[in-house]
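Colleague: Need coordinates for the below:
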Amino acid sequence: MNSEELCAFLERPLIGVVSTLRLDGSPHAVPVWFRYDGENVRIWTEERRAWVRNVLRDPRVAFVVAEMEDAVLIHGEAAVRTRADEATAAEIRAITRRYIPEDEVEAYVARWPDLQTIVTIRPTSVSGWSQAGRA
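Modeller: As a prediction, this is how the structure comes out:
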């Protein structure tokens, strides 16, 4: 998968899986909605979730988006930002817009007023592969 194909794949409204390390070193994997901005992965969540607490303790993560014939694997470090400001609100809407119709975004976001956390994954490595077109 070249970089153009990789970006196109990550622009699709697929579910990602973020994997973090528990305190005992075992993996913790969670499906999430996300947005790839061409450089970083952004996830809207709540700071009290176990995987976010794992990131606060150890920022190393793996992030996978896959379907039957294509996949992208990202390794990197994550940063957690909890703030009720315009930048957070804009990112929340941008992520939500990927998964639900535009006319439903505001109502959906309003259902989660206490979720003001954006986790940003800064990749240290990105790899993708595609089986499409192969016999």
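
Colleague: List the contacts of residue 22.
Modeller: 28, 50, 54 (CB atoms under 8 Å, 6 or more residues apart in numbering). To be clear about C-beta, it is placed using only N, CA and C from the backbone, and glycine gets the same treatment.

Colleague: Residue 15 now?
Modeller: 31, 32, 33, 65.

Colleague: Filter these down to the buried ones.
Modeller: 32, 33, 65 (16 or more other CB atoms under 10 Å).

Colleague: what residue ranges in this protein score low on pLDDT?
Modeller: 132-135 (pLDDT under 70).

Colleague: one more time with 50
Modeller: Across the chain, residues meeting the criterion (pLDDT under 50) sit at 134-135.

Colleague: Which parts of it are helices?
Modeller: 3-11, 50-57, 86-97, 105-110 (DSSP state H).

Colleague: Can you tell me which of those is packed in deepest?
Modeller: For those, the largest average neighbour count (mean count of other CB atoms under 10 Å) is found in helix 50-57, namely a mean of 17.

Colleague: a markdown table for the contacts of residue 22, including distance to residue 129?
Modeller: Formatted as a markdown table, the contacts of residue 22 follow (distance: CB to CB, whole Å):
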| residue | distance to residue 129 |
| --- | --- |
| 28 | 25 |
| 50 | 30 |
| 54 | 27 |
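
Colleague: Grab the nearest non-local neighbour of residue 83.
Modeller: Leaving out its chain neighbours, the residue that sits closest to residue 83 by CB to CB, 6 or more residues apart in numbering is residue 116, at 6.3 Å.
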